[in-house]
Structures are given as C-alpha cells and as structure tokens.
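>>> model the structure of this input:
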Amino acid sequence: MIVERRIPFFLVFLLILFSVIEINAAIITYGTQLLSYALILFISCFYYHYLDKNNIVFVLTLSLFLLGLAIWQYSYLEYKGIFWLNTVRTVYWISIFSLFYSFVSNQSLSLLEKVIRCIILICSLSVILQFISVYIFHSQIDFSILLGGEGVRSNYSGDSSIYYRPTGLTSEPAIHSGIMLGLLTLYYILNKKDKMPIFIGLISIFLTFSTLGAILALAFIFIVYNQGIKGFIFSLILLCIALFFIQDSLISRYEYFMSGDDGSNNVKLEVLEYLFSNFNYYTTGLGFSGKDDISPVFFEALYDLTYFLTPIVYFGIYIGGLIVIFSLGLLIKANFIFSEKILIALSLIKLSGPTFMFFNLFILILFIIHKKRGAKS
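Numbering: from 1, shown residues only. Sure, this is the predicted structure:
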C-alpha cells in the first residue's frame, strides 16, 4: 500500500524533473525529453487507468491542425533545415502533456506542492554548487559535458569581476531563470506560507547573473513580499540587497543596450523585421522553425519574444493574435487572485511557448489548479 501511494508521487516528480532539464546532450534530447515521457504515460495509463477519451480527441484534432498548417508553412519558408524536427518534437510535447492532464489532475494539490518544492531545491542547489565550485574552488562543473553533450553558455563578456555564470540543469543562465521563476510562481500559488524554497530559488536566479532573470526576480520579490507595512519594508530590504549584488551587471547591460551593442535585444528586433518582411510570414507564421547552420544568427531568438508575441511568430497575426487574446481572457477569468495572475504573466515573459518544454508543464499545472479551485467554490 505504501509503495502504491508513493508511485504517483514518483511519476509526477519525474515528469516535472525531466521538464526542467534543458541540456544539449543526447541522453536528454532523446532520453528524458522523449522516451521517458512515453514510459511515464504508459505506466499512468495502464497501471492507474488515467486516460480520458476527450483528451485523446483533443490531442488528435490539435496535432492534425498543427501538422496541416506546418505543411503549408514549409512550402514558403526560406530556412527549413530543422523545421520538421522542431515541429514533430513540439507537437509531441504538446500532445504528451495534454494526455498527462487526466493523471496529474487526479493527484492532490499537496502532492504537487511537495514535488515542486523538491524540484526547486534540486535546480537551485545545482546553480549554487556551480557558483561555489567556480568562484571558491576554481573548478567548473558542466552537467552537459558530464552527460556527454556540448558545453553550456556560461561565459560572461560584460563586467570583468563576473567571468562565469552558472546554468544549473540548463544550457543558459536565462533558461534557468525562466524555469525557476515559473516553478516559484507555481509554488507560491500552492503555498504562500513556506517562503524558504522561494528564497533559495530567488538566490539561484541572481547567481546566474541573467539580466532579465534579475529584473523578473526583483518584480517577484516586490509582488510576493509587499504585503502590509512589515512586508513592504522587508521587500525593500530584499530589493536593496539584490540590487547591490547585481548593480554592475545591470549597468553594464544598460550601457550595451544604449550603445546598440546589446546582441540579445538587437536580434529580437531583427526577428520582428524578418517576420513582417514577407506576406506569408506575418499572415500564417514561421511555424516551429529553428536555428540551423545556414539560418541567420537572429533565428536563435525566434521564440524568445515572450508569450505575448511568440504565438504570432508561430502562426501569424490572425491565428497567433487570437491565441494571445484568448489566453489573456482565460487568465483574467481564471481562479487566481490578482497577485498570482501578475506572477503568471511575469513567468510568460520567458516561458514563451511550447517549443520551450517547461512551458507545456507550466500551463498543464495552471489548468489543474484552476480546475481544482473551481471545484471547491
């Protein structure tokens, strides 16, 4: 009986853990991101019989629509070297997480809370471990290389005192920051009293020296801790401490931006220019394209334009615009308080769409929380 009760926890734990590991290694790309999900779904469906017919119909309908649209998009795209690889993988992620809805929604919110707490601590400690290893022991721990993959983007070319940026279980500091902010948002929605995991998670974001991550973390602090006079004072103290440690990084990034040398923001502008340079591109989108060897550098930022613009890149101004409007309507009417909705919107700045694997899990859990709160009211 004890083992049977622990199996759902273990399956949900693996489901969330595998969704936060974003490392360019074959064992991750073809193992945890593909085969492991199929195995978890198989166990949950046939051992616990959690598979809803409506979900199957939804997945088949959506998959056929996305693949049909992809055929049309492929006919006019200029750079399509990895188009079908990205499309099939993304449709698979959307489908698999949709099919997980029945299993995960049958678990308690307290189970989700415990699992997310564990994942926050694992991800945070991986960043803290890397930070200590480099800045104290002068030895770099690269989980991607250890798993047989490519090296991560950990070098920093800005402030001279910062020469290494931890990436944790991801390939870039900004990716860890985006995933961590999503995890912290989910945990805050589930448990507003336990601040320790949130505090540790925020530390891990600041240690990555990601400018966007730091800004989002500062906003998170102000929203979560700014409650009452004591909360306001505490949030100001936290903000001051955080700004003290990251001020050089923020100033350096601001100077790069003002001088026009900020590649991260410049490529985003190039994406928009490219999108509106062709009638087909801005009417039916670029699909799930990606950066290959012959595509321009700015293709790396193709789906890094926040959730409020990325659907337009995927599907064009008509379908993409409707998706954004519909999503905002759902968020406004959802069973979340105002501060929770703001945090969800903040998370979607980095969690921009289903090509970002954790995005699918994030949306899945939000729908489940919304449903369970609605059932109680």
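>>> poorly predicted segments of this protein, please.
Applying pLDDT under 70 to the chain flags the ranges 1-5, 49-50, 156-160, 228, 230-232, 234-235, 238, 241-265, 377.
>>> go again with 50.
Regions of the chain meeting the criterion pLDDT under 50 are absent.
>>> just give the nearest non-adjacent residue to residue 291, would you?
Excluding the flanking residues, the one nearest residue 291 by CB to CB, 6 or more residues apart in numbering is residue 299, at 4.2 Å. Just so you know, the C-beta spots here come from the backbone N, C-alpha and C atoms, and that holds for glycine as well.
>>> tell me the secondary structure for that neighbour?
Here residue 299 is recorded as helix under DSSP: H, G, I helix; E, B strand; the rest coil.
>>> how far away is it from residue 180?
Going from residue 299 to residue 180 by CB to CB, to the nearest Å gives 26 Å.
>>> ranges for the strands of the stretch 201-350 of the chain?
Here the stretch 201-350 of the chain has no strands by DSSP state E, counting those that start in this stretch.
>>> what ranges do the helices span in it?
211-225, 228-259, 263-275, 279-284, 310-333, 338-350 (DSSP state H, counting those that start in this stretch).
>>> deepest in the core, which of these is it.
Across these, the average number of neighbours (mean count of other CB atoms under 10 Å) peaks for helix 211-225, which reaches a mean of 21.
>>> and that one, how far out from the chain's middle?
16 Å (CA atoms, centre = their mean, to the nearest Å).
>>> please apply the same query to stretch 95-108.
Using CA atoms, centre = their mean, the mean C-alpha position of stretch 95-108 is found 18 Å from that of the whole chain.
>>> give me the distance between the two termini of it.
Terminal residues of stretch 95-108 lie 23 Å apart, using CA to CA, to the nearest Å.
>>> buried ones in that stretch?
Residues of stretch 95-108 classed as buried under the neighbour-count rule (16 or more other CB atoms under 10 Å) are 95-105, 107.
>>> among these, which are in strands?
Using DSSP state E, no member of the buried residues of stretch 95-108 sits in strands.
>>> redo the residues you listed as TSV? Include distance to residue 140.
Output for the buried residues of stretch 95-108, formatted as TSV (distance: CB to CB, whole Å):
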residue	distance to residue 140
95	37
96	34
97	33
98	39
99	39
100	35
101	40
102	43
103	39
104	36
105	41
107	38
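>>> what is the nearest of those to residue 78?
Nearest to residue 78, judged by CB to CB, of the buried residues of stretch 95-108 is residue 95 at 27.9 Å.
>>> rewinding a little: so between residue 299 and residue 180, which is more surrounded?
Between residue 299 and residue 180, counted using other CB atoms under 10 Å, the more crowded position is residue 180 (33 against 20).
>>> is it true that the more buried one lies in a helix?
Yes. Checked against three-state DSSP, residue 180 lies within a helix.
>>> from residue 347, how far off is residue 372?
Here residue 372 is placed at a distance of 19 Å from residue 347 (CB to CB).
>>> again, but for residue 314
Using CB to CB, residue 314 is found at 19 Å from residue 347.
>>> ok, residue 187 next?
In terms of CB to CB, residue 187 sits 12 Å off from residue 347.
>>> one step back: of the buried residues of stretch 95-108, closest to residue 355?
residue 97 (13.0 Å).
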